[in-house]
Structures are given as structure tokens and as C-alpha cells.
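Peer 1: Next come a sequence and a model predicted from it.
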Amino acid sequence: GFESFVEHSNGVTAYIQKEDYYPSILDDIQILNNNTFTINYTSEEIEQVNWNAKWEENFHPILVDHRCSVRAPFHSKPSVEYDIVIEPKMSFGTGHHETTHMMIEYILASDFTNNSVLDMGCGTAVLAILAEKRGATKLDAIDIDPWCVENSQENISRNKCNFITVSLGDATKIPKDKYHTVIANINRNILLNDMVVYKESLLAGGTLFLSGFYTQDLPVIKQACSKLGFTFVGNKERNNWVGAKFTL
């Protein structure tokens, strides 16, 4: 009956609806009755909170390079070159995370005029949306999470984009087309696993933007790309997170 769990260094917090909870609910949990060690637990009723208001209170707009704003619908419209309105709900990609911020910087510094773009692990589709605003005319955004796919479609409509197609799945869902640019903001292991597919999806001379990994992971990412014929152009770092640019 428990709906969600948050791990800590010395335990876990479990959440359950009040109407589903009863005092003996944990009596049959074997690990809590193990004689080898002792696990203590307490319970408390959480005060009802207006989570929408709480979310709004803690979601502040961001500004990247004084050119691109990423904000929620309830924020006032700023005077910037690119104004992106995102309602993330349960998706990743508000621009607040270091990896998204660095990818936005890369997109702002690149020419996407009439380009084709693949956005892997699109989250809220914020990167694909910016790429279209920068001139891309064919964009495929893919995410493995149904929530992200639904949210991406909402944000694409919200930002009046016309050239982005969103798909549910992993790298196996990448169309057989060739792209001028591949953007992958996921994590180290998935990047390494799917690198061959990224190469196969790029046009000769195409650009690969990668993020979602730490500074200490950059050497292995560079090595994997080099083996496939990519040229390392450079990288950005924010709080031990890395964004990197490669060309084919």
C-alpha cells in the first residue's frame, strides 16, 4: 500500500495514504522481525499541503547567457531573445540542473538553421524546443518515460513549435534518418551503450552534444567517442557535471 520511498544513508522514508494505513501494517514485513539485527521505525501524519502552490513557490525562472529564459507559465514574460515556457510536472529539464544549463549554452552558441536534430532523453523537450527556435526544421525527441513524452508534447504546443516529433522508448526508437546534430543528456552508462547508434544517426560532419555525467567520467566518454571516429571539440563544467561537444 505504500506509494513511494526515499532512501537515506541510514534508512528509508515510506509514504502511504492515510486511509490505507493501519498500526499493524508492518507486522508481516520479515526484515523488520529479523532477530539478527534491529530496525526501528516511527510514523507521523503529514500535514496537507497545496503542492501546486509549493511547486510554484520553489520554481524560479532561469536565464542562460542573458539570451534564453526558461520559466513556468505563471512567471511574467521576460525581455529576452528566446523565451521558453516549461511546466515540468514529473519530467526532467527545467534548465535548473547543471547538465540542461550547459546544453542550452551549447545550443545558443551553435547554428541550427534548417538543421535536423535528435534529442535523446528529452525530458521536458526544452532542448528540442530551443533548437527549433534556433532554426532547426526537423526534430525527433525521444524519452523512455511516458510522463516525459506527455509533458514534452504539452510543452511543444505551449511554445508553438511545429517541427518536433516525440516518441516513447530508448535508442531502438531512433528513426533511420540522419541528423545534423544529436543531443544526449542522459547518464554515463546509457551514453556509452548507445554511442554507436548516435554515430550511425549522424551525418558526416555532424555534431554530438553529450551531458549527464561527472568530471571523472569525461576520459572514458572521450575514449569511447574517439574509437568511433569522433573528434573532441571541448567541454563545459558546472559543479562537477560535464557537457561535451564532439564532431564526426
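Peer 2: Here it is on my side, so go on. Numbers count the residues shown, from 1 in each chain.

Peer 1: Output the below-cut-off pLDDT ranges for this protein.
Peer 2: Along the chain, segments meeting pLDDT under 70 span 50-57, 88-95.

Peer 1: report the longest strand in it, please.
Peer 2: strand 202-214 (DSSP state E).

Peer 1: Give me the buried positions along that strand.
Peer 2: Applying a neighbour-count criterion of 16 or more other CB atoms under 10 Å, one finds Leu202, Gly206, Thr207, Leu208, Phe209, Leu210, Ser211, Gly212, Phe213 buried in strand 202-214. C-beta coordinates here come from the backbone N, C-alpha and C atoms, glycine included.

Peer 1: What's the separation between the closest residue to the last one other than its chain neighbours and Asp170?
Peer 2: Which is Phe213. Spatially, and ignoring its direct neighbours in sequence, Phe213 is nearest to Arg188 (4.0 Å; CB to CB, 6 or more residues apart in numbering). Arg188 is 16 Å from Asp170, where distance means CB to CB, to the nearest Å.

Peer 1: try His66
Peer 2: In terms of CB to CB, His66 sits 36 Å off from Asp170.

Peer 1: Of the two, which one has the most company?
Peer 2: More crowded of His66 and Asp170, by other CB atoms under 10 Å: Asp170, with 16 against 8.

Peer 1: Provide a list of residues in contact with the more buried one.
Peer 2: Contacts for Asp170 (CB atoms under 8 Å, 6 or more residues apart in numbering) come out as Ile142, Ile144, Asp194.

Peer 1: Give me the buried positions along stretch 138-146.
Peer 2: By neighbour count with 16+ other CB under 10 Å, stretch 138-146 contains the buried residues Lys138, Leu139, Asp140, Ala141, Ile142, Asp143, Asp145.

Peer 1: Check the secondary structure at the second one for me.
Peer 2: With DSSP: H, G, I helix; E, B strand; the rest coil as the basis, Leu139 sits in strand.

Peer 1: Look through this protein and report the residue furthest from the middle.
Peer 2: No residue in the chain sits farther from the centre than Asn35, which is 43.0 Å out by CA atoms, centre = their mean.

Peer 1: From Thr99, how far out is that residue?
Peer 2: Where Thr99 is concerned, Asn35 sits at a distance of 46 Å (CB to CB).

Peer 1: What are the boundaries of the helices in this structure?
Peer 2: Counting by DSSP state H, one finds helices in the chain at the ranges 51-58, 98-108, 126-133, 146-158, 188-201, 218-227.

Peer 1: so of those, which one's packed in deepest?
Peer 2: The highest mean neighbour count among the helices of the chain, using mean count of other CB atoms under 10 Å, belongs to helix 126-133: a mean of 27.

Peer 1: quick one on the thing from earlier: quick check: the residue farthest from the centre of the chain vs Asn58, distance?
Peer 2: 44 Å.

Peer 1: next one: Ala224
Peer 2: Computed with CB to CB, the distance linking Ala224 and Asn58 is 37 Å.

Peer 1: can you check Gly135 too?
Peer 2: Gly135 sits 33 Å away from Asn58, going by CB to CB.

Peer 1: I'd say Asn235 and Lys245 touch.
Peer 2: Yes. With contact defined as CB atoms under 8 Å, Asn235 reaches Lys245; the gap is 7.0 Å.

Peer 1: Find the residue closest to Ser43 in space, skipping its chain neighbours.
Peer 2: Closest to Ser43 by CB to CB, 6+ apart is Tyr21, at 7.5 Å.

Peer 1: give me the number of residues near the one you found?
Peer 2: Per other CB under 10 Å, the neighbour tally for Tyr21 reads 14.

Peer 1: how about the buried residues of stretch 138-146 in CSV, adding distance to Leu228?
Peer 2: Formatted as CSV, the buried residues of stretch 138-146 follow (distance: CB to CB, whole Å):
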residue, distance to Leu228
Lys138, 24
Leu139, 23
Asp140, 21
Ala141, 23
Ile142, 20
Asp143, 24
Asp145, 27
